[in-house]
Structures are given as C-alpha cells and as structure tokens.
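Participant: structure of the sequence below:
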Amino acid sequence: MTPSNLLHKPNPPEAQTDRFQQGWQQLKAIDGAAGEQVIASLQDIAPDLARYVIEFPFGDIYSRPGLDLKSREIATIAALTALGNAKPQLKVHIQAALNVGCSREEIVEVVIQMAVYAGFPAALNGMGAVKEVFAEQS
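Facilitator: Numbering: from 1, shown residues only. Take a look at the predicted model:
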C-alpha cells in the first residue's frame with residue numbers, strides 16, 4: 001500500500017501534506033504491517049478515518065519531541081489495557097512496543113502495573129492479549 005491511495009477520492013494528491021507523509025512513515029516504522037492492515041481495513045468504508053489516524057496520532061503526536069517511541073508505546077499499552085475493551089488495538093501496540101525496543105518483560109510489567117489502577121479484570125484481559133502476541137511471534 002502506498003500513501004497515494006489512502007486519501008478519500010475527492011481529495012487531490014497535493015492534499016497529502018507533510019503531516020500525512022510524516023504520519024505514514026511513523027506508522028510504518030512503529031506498527032509495521034499491522035498498522036498498514038488497520039489503514040487498509042478502513043479504505044472501503046471510511047478512508048477519511050484512515051487519513052485521520054495517519055495524520056493525528058502518528059503525524060502529530062508520535063512525531064513530537066519529549067518522549068521516545070519506547071516511552072510512547074509503554075504509555076499506549078497502559079492506556080489500552082486500562083480501557084479494557086480495545087484488544088485489537090492493544091495487540092497492535094504490543095507488537096509496536098516490541099518493534100521500538102521494549103522487552104517482553106517490560107510489556108508484562110506494564111500490564112501488571114495496570115492491575116493497581118485499572119483493576120484485575122483489565123490486567124487479566126491485557127495479559128491475554130500479551131500472551132497472544134508473544135505466541136504469534138514464536
């Protein structure tokens with residue numbers, strides 16, 4: 001998939017801003033094929049949502065100075081675990097955390113930490129997602 005086919009048809013190619021390009025590069029570097037699959041899954045129903053995902057979280061937030069990508073993924077895993085209802089996104093970000101240098105042990109500890117703040121059900125569900133991602137890698 002290329003960035004040129006990710007915009008809603010009415011938008012001209014020049015609408016691919018630096019923000020979009022930067023976001024696309026960040027998404028590929030952080031989430032790899034899983035991120036590209038998320039974007040591709042939106043193309044037939046909500047291409048604008050795909051563009052928003054590229055531009056805002058990846059083009060704006062993940063590209064900010066102040067936190068490295070590893071720290072950002074640790075925060076994301078914590079938040080998604082605490083939500084308790086975002087297993088597909090949690091799995092993508094567990095893989096992303098591994099992609100940017102988090103160890104398996106760090107990921108497990110982040111989810112365990114969420115038992116204190118989000119409760120045991122959220123932590124147990126999060127650990128289930130961790131287990132699935134780790135198993136897919138083996």
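
Participant: who's in contact with the residue nearest to residue 78 when sequence neighbours are not counted?
Facilitator: On the basis of Cβ to Cβ, 6 or more residues apart in numbering, the spatially nearest residue to residue 78 that is not a chain neighbour turns out to be residue 110, at 5.4 Å. (Glycine included, C-beta is placed from N, CA and C.) Counting by Cβ atoms under 8 Å, 6 or more residues apart in numbering, residue 110 makes contact with 74, 77, 78, 81.

Participant: between these, which sits nearest residue 33?
Facilitator: Closest to residue 33 out of these is residue 77 (18.9 Å), distances taken as Cβ to Cβ.

Participant: what about that closest one, helix or strand, and which?
Facilitator: helix 69-83 (DSSP states H and E).

Participant: how about residue 88?
Facilitator: For residue 88, the host element (DSSP H and E) is helix 87-99.

Participant: check this structure for its longest helix and report it.
Facilitator: The residue-count maximum for a helix in the chain (DSSP state H) belongs to helix 18-42.

Participant: quick one: average pLDDT of the helix or strand following it?
Facilitator: Where DSSP H and E defines the elements, the next helix or strand beyond helix 18-42 is helix 47-53. Confidence over helix 47-53 (mean pLDDT, whole number) is 95.

Participant: repeat that for stretch 82-100.
Facilitator: For stretch 82-100, mean pLDDT rounds to 96.

Participant: buried set for it?
Facilitator: Going by neighbour count (16 or more other Cβ atoms under 10 Å), the buried part of stretch 82-100 is 82-84, 86-87, 90-100.

Participant: can you list the domains in this protein?
Facilitator: The chain is divided into the following domains under automatic domain parsing: 3-61, 69-137.

Participant: distance from the longest one to the middle of the chain?
Facilitator: Which is domain 69-137. 11 Å (Cα atoms, centre = their mean, to the nearest Å).

Participant: check stretch 24-43 too.
Facilitator: The answer for stretch 24-43 is 8 Å, by Cα atoms, centre = their mean.
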